[in-house]
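Trainee: return atomic coordinates for the entry below.
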Amino acid sequence: MKPNRQAMTLVELLIVMAIIGVLVAMLLPAVQVARGAARAASCKNNMRQIGLAILQFCDSHKGQFPDWAHGPTGTSWISTVAGHLENVDEIRLCPDDFLLFERRYMKSTSYVINDYLVDQTAPGVIRNINKLQATSKTIVMFEGADLRRQDPKKGDPHQYEPATDTYIYAALKYDHTHSSQWFSQLNKDNDGLVDIAVKKDIQPDRHFDTANYLYADGHVDVIPAATIDEWIVAGTDFAKPE
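Mentor: Predicted structure coming up:
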């Protein structure tokens, strides 16, 4: 009569470990996708809250949009709407932001305001929400680009390399786009310059080749990077107020 086995053999143990390894390998991509989706949803919720804060600010200031870093007062929209966000710094930060740590330290933002709504010198600027014809079609806030936080290569202002001091690129002054210049005649006359100008300001592929966009009526759209590319090729000035 054979004695009862009290333990697994080495072969059985290796088989079990191999099975566990396969299961973990199958599970990890799903976990990463789920985490990425959660971060994208958090970013979208942040933008919704910023949208509500901006609407409250406009309501309190006769329709005027918040100030920006290069405005007459030099006060970023971060400060001008802070009271409506209860000064919660994390609301201004996207969990997928390349410079999340630096921006948290600098108390800046992952989101950039449309300069068509804040720059008084921009052609076609509309500084007052009450003067918009279609708030549901006017983008107020974009996700700020990673590329513009890098240093130009010597001799070529359109090529970039990793920044030597990333804290410089997390400064409060990076609170806006230059969207009123994206489709300038100079850029349109030179192949590829519109694309470069847009992607120096915004990051259209931050979340699974999509990004979040805040509109003047307070809703947030998820727009694929491919759609942004199509608008660029078609010459559609998608940041221009309507």
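Trainee: helix or strand next in line after the lengthiest helix in the chain, which one?
Mentor: Secondary structure assigned by DSSP state H gives helix 10-60 as the longest helix of the chain. Sequence order places helix 77-80 as the next helix or strand after helix 10-60, per DSSP states H and E.
Trainee: give me the distance from the longest helix of the chain to the chain's centre.
Mentor: Offset of helix 10-60 from its chain centre (C-alpha atoms, centre = their mean, to the nearest Å): 17 Å.
Trainee: what mean pLDDT does it have?
Mentor: Helix 10-60 shows a mean pLDDT of 86.
Trainee: just stretch 211-229 next, same as before
Mentor: What stretch 211-229 shows for mean pLDDT is 98.
Trainee: okay, the spatially most central residue of the chain and Thr210: tell me how far apart.
Mentor: Centroid-nearest residue in the chain: Glu143, 1.8 Å away (criterion: C-alpha atoms, centre = their mean). If you measure Glu143 against Thr210 using C-beta to C-beta, to the nearest Å, the figure is 10 Å. (C-beta placed from N, C-alpha, C; glycine too.)
Trainee: repeat that for Gly21.
Mentor: 33 Å.
Trainee: the two - which one has more neighbours?
Mentor: A count of neighbours by other C-beta atoms under 10 Å puts Thr210 above the other of Gly21 and Thr210, at 19 against 10.
Trainee: which element is the residue nearest to the centre of the chain on?
Mentor: strand 139-143.
Trainee: for that strand, the distance to its chain's centre please.
Mentor: Relative to its parent chain, strand 139-143 has a centroid offset of 8 Å by C-alpha atoms, centre = their mean.
Trainee: also stretch 51-71?
Mentor: 19 Å.
Trainee: what's the strand holding Glu143 packed up against?
Mentor: The contact analysis (3 or more C-beta pairs under 8 Å, 6 or more residues apart in numbering; DSSP states H and E) places strand 139-143 against helix 10-60, strand 111-113, strand 210-215.
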